[in-house]
Each structure stands twice: as C-alpha cells, then as structure tokens.
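Chemist: Build me a model from this:
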Amino acid sequence: MRYSISTCSFYKFKIRQLLKIEKPFGVEIFYEFGSEDQWNCLLTELSVRDPGPFSIHAPFAFVDIAADCSESKLFETLKKPFDLYHRFNGEFYVVHTYGEVERPDDSVYRSDCRQRALERLARFHEICKAEEVVLGAENLCSGRVPLFNQEQFLRLFKTIPELRCVIDVGHAAVAGMDIAQLQKTLNHRVCAYHLHNNNGRQDSHERLRDGIIDWSAFAEGCAKYTPDAVGVFEYMNYTDMAVYQDDMRYLESLFCKS
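Modeler: Predicted structure coming up:
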C-alpha cells in the first residue's frame, strides 16, 4: 500500500505543517477548504520533493449530488479542481455519494435522492473519463440511517461500469458495513481507502488504534483484493508527522503478517 495524508487536520496556519511531509507520503487536499493560490503554493513546494500520491477531495459542504438542484451548476462546481488535478498529476478524485439527509423517515424522498445520486454519478463519471480524471465514489455514514446501505452502495458499481471506489473505513464502521465484503466485492475497483477509527457510533476520525476496527482483517483484505490502493490517513486534529509515520509502520507490520 502507498500512503498519503489528508489536509483534514491542517487548517489555517496549520497547513504549513504539511511542508514537513517526507517520502513515502503524498497528500489529499480538501479542495473547497483552501484557495487555488494556497493549493498551488503547497503542491508546488511538495512536488519539488517528489512526494507520494496526490488526490483531491471534491467540494461537498455546499453541493450535494443527491439534491434536487441545478445539475449544470453542480457539475460546474465539481469540475473546478480539474486543472489542479492535472497540474500536479492527480491519481483519483473523491466525491461523496450524497450530502445531508433531510426527512430521514420519508422513504419516497430517500428513494428519489438515491436515484438522483445514481444518475448524477453516472453522468459525472462520463465527464471525468472525458477529462481523464479518475472518479472515486465514497461511502458515507451521515444521518440517523445512511442514505445508502451496503447493498445499495454496491449497486452503484454494478450500474456504473468502471466507476472506482474510495472505501472510508471509519464511515463503514459507523454505518455497520462489512468492510471485508466491500473489499472482496469491489476488488480492483477500490482505488483508495480513507483510514481512521471511531467507537462505532460517531464519525470522530481517530487514529488507527483508537476504536473498534479490526485492522488485521483489513490488512488481510487489502493484501488479497486491493494491493494497489492508496491509504489516505484522514484524521482530525493531528498535525504531528510522527503520528502518521507511527501509524503507517503499524499498518505495514500487519501487512507483513497477511
């Protein structure tokens, strides 16, 4: 597995801490939480050092592919990071499969949202292919009951040929998904993982060994089904590079046993 560090923890002046990244780590940026100038400065500096994989997390705070909204404006927003993606040789582009779920008890509304998400993902996937951008759809856990359960999430990949997946391991734990089954079913279509842990109830983005996830089983599934996927450490409020080095070594020790 190759590794990168999400900018999730590195807001405001903390972004400068990422200049301390050394091999083998790359970076995944939360595009909407910084300016184009900021990302250009950071990525130009890192590119001189020949870092690891680079990826972009698509905007999600103010856009939702499942919402009843203007599709042209939605896609216009989602395409904004494409120049940056190509300028710094992006490997994949992460998009959420839905936003905040309103009316959680309205089954008709939820079904409509899922259908819109499917149709939008399919159309945006075609846009990405034409633009030579690798799109990775991410599983979520927001809402009392997630919009997509495991079966519904997997159905997206049956319906949309060649769509890649970013398995968020922490989200899967909160949503009650079977991570091993996701790995086995999606196999080579998993381009990356978002790596973090939690108590199974709250999406708190803790370190690997702080929560309920069985990382030995995860490593076994990676070695068997997704050996080329990128592991993105997506922590909250951890800016010490030693944290990421330590957790990478821990995960690598598990791979050695798989």
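Chemist: only C-alpha atoms for contact and neighbour calcs from this point on.
Modeler: Fine.
Chemist: Can you name the residues that contact Val232?
Modeler: Residues in contact with Val232 (C-alpha atoms under 8 Å, 6 or more residues apart in numbering) are Tyr3, Ser4, Ile5, Ser6, Val27, Glu28, Ala192, Tyr193, His194, Leu195.
Chemist: if we go to 10 Å?
Modeler: 2-6, 25-28, 53-55, 166, 168, 192-196 (C-alpha atoms under 10 Å, 6 or more residues apart in numbering).
Chemist: Give me the secondary structure label for Val174.
Modeler: helix (DSSP: H, G, I helix; E, B strand; the rest coil).
Chemist: which non-adjacent residue is nearest it?
Modeler: The shortest distance from Val174 to any non-neighbouring residue, by C-alpha to C-alpha, 6 or more residues apart in numbering, is to Gly200 (4.6 Å).
Chemist: Just confirm the one you found is within a strand.
Modeler: No - applying three-state DSSP, one finds Gly200 to be coil, outside a strand.
Chemist: count of neighbours near it?
Modeler: 17 (other C-alpha atoms under 10 Å).
Chemist: Please list all residues in contact with it.
Modeler: Taking C-alpha under 10 Å, 6+ apart, we find Gly200 in contact with Gly170, His171, Ala172, Ala173, Val174, Ala175, Gly176, Gly211, Ile212, Ile213.
Chemist: cool, and Met241?
Modeler: Contacts of Met241 (C-alpha under 10 Å, 6+ apart): Ile5, Gln17, Leu18, Lys20, Ile21, Glu22.
Chemist: Quick one, which of those are buried?
Modeler: Ile5, Leu18, Ile21 (16 or more other C-alpha atoms under 10 Å).
Chemist: Cys222 and Phe255 touch, don't they?
Modeler: Yes - here Cys222 reaches Phe255: they are 8.3 Å apart, a contact under C-alpha atoms under 10 Å.
Chemist: Name the residues of whichever helix in the chain runs longest that come out as buried.
Modeler: Ranked by number of residues, the top helix in the chain under DSSP state H is helix 107-130. By neighbour count on 16+ other C-alpha under 10 Å, the buried set for helix 107-130 is 110, 113-114, 116-122, 124-126, 128.
Chemist: And the average pLDDT for that helix is what?
Modeler: The predicted model assigns helix 107-130 a mean pLDDT of 97.
Chemist: for stretch 191-201, same thing?
Modeler: Taken as a whole, stretch 191-201 has a mean pLDDT of 97.
Chemist: Name the residues of it that are buried.
Modeler: Buried, per 16+ other C-alpha under 10 Å, within stretch 191-201: Cys191, Ala192, Tyr193, His194, Leu195, His196, Asn197, Asn198, Asn199, Gly200.
Chemist: Which of those sits closest to Ala61?
Modeler: Distance to Ala61, by C-alpha to C-alpha, is smallest for His194 among those, at 18.0 Å.
Chemist: how about that closest one, secondary structure?
Modeler: Strictly by three-state DSSP, His194 counts as strand.
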